[in-house]
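1. need coordinates for the following:
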Amino acid sequence: MSKYHITRFSIFGLKGGVGKSTIAYFLARELSEKYKVLLVDRDYTNTIGKIFGLQTGLLNVLSGDVQGKFVTDEGNLRVLSLTSFSPSSLPTVKDFAASYSEVLKGIEILITDNPPGVDDVTALEFKGYYEATGEVHCNGIFVTTPGIALDLTLSHLNDIGRTLRGIVPQASYFRASALVINMVRENLSDVVRNVALRVPGLKVIAIPFYKELLFQGFDKASASPDLGELISIVKGIVGGG
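-> Residues are numbered from 1 along each chain as shown. This is a model prediction of the structure:
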């Protein structure tokens, strides 16, 4: 039996610029008021890592490209940056898992902020987690914007799950736990209703457009998205729902 008792959530999007990092950041912040949360920045832009003063990524250090700080704690929130730039080579799963297992100690909820789709870093993190803990699963939270991005997301909802199962066939499960439609300028209820008709059973959350978040940066803006419904979904999963 694994000594770790962690519930994983992965923030996915099929294109950039839809607000994945914004949702990951505020979700981790709010959940850390109750749980010990690890927020893993898997994106090459290192957007979240930079906010917390992380100079580089764990994979960059393991590949010998650079030295520097890649993990930090702020209360109940731990932040890990995997890459600050594309590493010259990727470490073995075993070497990555040895370092990752130390970062995972004491964590209750893990949230990963991912680049669009699934890439080699996403695959290494998934394999490394399994190597470190003896188990892996994925509660996918998909983030998109209205229009073409939403249509694309709905048509490929199950593709990431199939890819991750191909990477680690022993994975316990993959589920699309929620769909967040971000930067909505229309009536929120109408947007949710229309998607619910297209994909019955999918939990859909619409978040309005916040000008401050787009132009000031989500770590500096006075406004923050209302994630109450998404937090309730996450807490239900963590509690066994």
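
2. which element is encountered next along the chain beyond the longest helix that the chain contains?
-> The longest helix of the chain (DSSP state H) is helix 120-133. Using DSSP states H and E, the helix or strand that follows helix 120-133 towards the C-terminus is strand 138-144.

3. quick one: average pLDDT of the host helix or strand of Tyr25?
-> Assigned by DSSP H and E, Tyr25 belongs to helix 20-31. Helix 20-31 shows a mean pLDDT of 94.

4. ok, stretch 99-106 next?
-> Per-residue scores along stretch 99-106 average to 97.

5. and that stretch, how far out from the chain middle?
-> 17 Å (Cα atoms, centre = their mean, to the nearest Å).

6. one more: stretch 7-25?
-> 5 Å.

7. now for that stretch, what's the gap between its first and last residues?
-> Counting by Cα to Cα, to the nearest Å, you get 17 Å between the two ends of stretch 7-25.

8. which of the helices and strands in this protein ranks last by mean pLDDT?
-> Counting by mean pLDDT, DSSP states H and E, the weakest-scoring helix or strand in the chain turns out to be helix 211-216, with a mean of 73.

9. so which elements touch whichever helix or strand comes after that one?
-> Downstream of helix 211-216, the first helix or strand assigned by DSSP H and E is helix 228-238. Counting contacts by 3 or more Cβ pairs under 8 Å, 6 or more residues apart in numbering; DSSP states H and E, helix 228-238 is packed against strand 7-12, helix 20-31, strand 138-144, strand 174-184. C-beta: built from backbone N, CA, C; applies to glycine.

10. ok so, going back, quick one, the helix holding Tyr25 and strand 7-12 angle?
-> Orientation of helix 20-31 against strand 7-12 (axes from the mean of the first three to the mean of the last three Cα atoms, to 10 degrees) gives an angle of 150 degrees.

11. now do stretch 39-58: distance from first to last residue.
-> Stretch 39-58: ends 13 Å apart by Cα to Cα.

12. could you pull out the buried residues of it?
-> 39-44, 46-49, 51-52, 54-58 (16 or more other Cβ atoms under 10 Å).
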